Structure formats: C-alpha cells, structure tokens
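Asks: Predicted model and sequence follow; I will ask about them next.
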Amino acid sequence: MSLNGHEGKPNLNSEQSEENLPAKAGEERLSSPIARTGMFGVRTTGDTSGYGRLLVRRPAGLGSQRPFTDPDDPRTERFDTIADALERALEDAPAGYGEAVERVVVDHGEITFHVRREHLHEVMRRLRDNADLRFELCLGVSGVHYPEETGRELHAVYHLRSITHNNEIRVEVACPDADPHIPSIVDIYPTNDWHEREAWDFFGIVFDGHPALTRIEMPDDWHGHPQRKDYPLGGIPVEYRGATVPPPDERRSYA
C-alpha cells in the first residue's frame, strides 16, 4: 500500500520538511553539549533530590529570521514594524542596526533584541525617543547567570513598554564573568536605579555610570552574589526531634 502515490513513505510538503520532524529535532538536541548535571547544581556531595543523573543540555543560540510576524499568532503582529523602525532609527547612529543588534529571537509570542553591550546606551535612547518606537517605560532589569556560556556568562534583561503604541519588547545584553561591565541606562530610564543595584547585588553585574552602585538587599559587607548559579547553597543545620539535618551542600549522596 502506498501513501500519496509514494512507496509506503509519507509525502513531506514544504511546511513539514525532514529538518522539522520531531526525530530530527531530538537528534540535534541530544547532540548539543551538556551544560550541567542534576537539578540544583550540586558539585561536591552529590544531588540527593533524585535528579542526580539529569543532563541539562545547552540550547543553541540561534536567532529568528524575518519575517518576525507570524500570521497565526496575533501577538507578533507588530514585530516586523518595530524591527524596521529600530533599523531606521539607528541609520545615523555611530553603529548601525546590523552592528548594534547581534540577533533577534521570537519565541512564545515575544520578541527579544540581543544588543552588544557597547551599543546598549545608544539603542535604548533611540528606543525611547524615536517617534515610531516611543518605548517610554522600562520595567526594570533582571540579571541571569549562564555559567556554561563561556565568554558571556552574565546577562542583563530589560523589558520595555510603549504606552504610545501599546507595544512591548525585551532587550538582552551579555557580558563575560571576567569583565562584568554593562553601561548604566539610569540617565535614560531613571526608574532603573534600584533595579541595576539589585542586579549588581545578586549577580555581580557592574553598571558603569550608575550614580550609586551599592548593595540594596544584602548587607554592605556581604561576600559574593547569591543568585549566581555557582554560589554555594549554604544554609544552617536544622534540628528535628533530636536529629540534625545539615545544610543542602553538606548532605551526603545516596547514589
């Protein structure tokens, strides 16, 4: 018996090529490098959570290709318009769109512009001031730590909202752990003051040009940055019915 006139093989149309089949995607995922093992990043005494043999693989850092707008997803309706407006806004800038923006990622109905850190300040200013963009509100900056991304371990993620055009985008910047410096944008978005202090406090990202980059949650004499993935789990012993349960990083492995 044949299917669609072919000898027992399904007819793959242009929308479902072999590269898009689940088996092919699974092979590519399994061939990607392992970022870490276990659930909670335990490195010394073993992971006693039951996830000790979990392999977390590093996702490929791929960008999305135009068109960014998906006809089947109304959330993406304005993505190409925003990208075009940003490209025009950077035409007379010291660095054009192709140099300032590393890549664009569209996923789950959201768009992220990955910007090189040396051009962040100029890109943010034009996102705010250009009449076709008008991202007047920055909702803050969040730090993220990817220890497996050699040379770009620390990320700063900004969420921008345009009240004028009712648009929302994300801007992401990466820097190496050995040189954790990113320009401050407090002079453009003053409400980022405390957010940048928090990202410095918890992740160790140094925002150059910040008016007072001091800790905001942890004590001033605290050592390290507690939301980094290489920060010790720590904890204190807990006494329960005469027994003492040690902190997570001191528990023995049952593997």
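Replies: Alright, I've got the coordinates.

Asks: quick one: the strands in this protein?
Replies: According to DSSP state E, the chain carries its strands in the segments 34-37, 55-57, 101-107, 110-115, 137-145, 154-162, 167-175, 181-183, 206-208, 238-240, 243-245.

Asks: looking at the ones you listed, which is closest to A131?
Replies: When the strands of the chain are compared by CB to CB, strand 154-162 sits nearest A131, at 11.0 Å. Heads up, the C-betas are built off the backbone N, CA and C, glycines and all.

Asks: Sheet partners, orientation included, of that closest one?
Replies: Sheet partners assigned to strand 154-162 using DSSP bridges are listed as strand 137-145 (antiparallel), strand 167-175 (antiparallel).

Asks: mind putting those strands in TSV, mean pLDDT and mean neighbour count included?
Replies: As requested, the strands paired with strand 154-162 are arranged in TSV below (pLDDT from 0 to 100; neighbours: other CB atoms under 10 Å):
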stretch	mean pLDDT	mean neighbour count
strand 137-145	96	19
strand 167-175	98	20
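
Asks: Out of the ones you listed, the one nearest F202 is which?
Replies: Ranked by CB to CB, the member of the strands paired with strand 154-162 that lies closest to F202 is strand 137-145, at 6.0 Å.

Asks: Show me how far that closest one is from its chain's centre.
Replies: Here the centre of strand 137-145 is set off from its chain's centre by 10 Å, with CA atoms, centre = their mean, to the nearest Å.

Asks: Also stretch 220-239?
Replies: What separates the centre of stretch 220-239 from the centre of its chain is 23 Å, taken as CA atoms, centre = their mean.

Asks: now the end-to-end length of that stretch.
Replies: 30 Å (CA to CA, to the nearest Å).

Asks: burial measure for V123, as a count.
Replies: Using other CB atoms under 10 Å, V123 has 23 neighbouring residues.

Asks: Having no further points to raise, I will conclude here.
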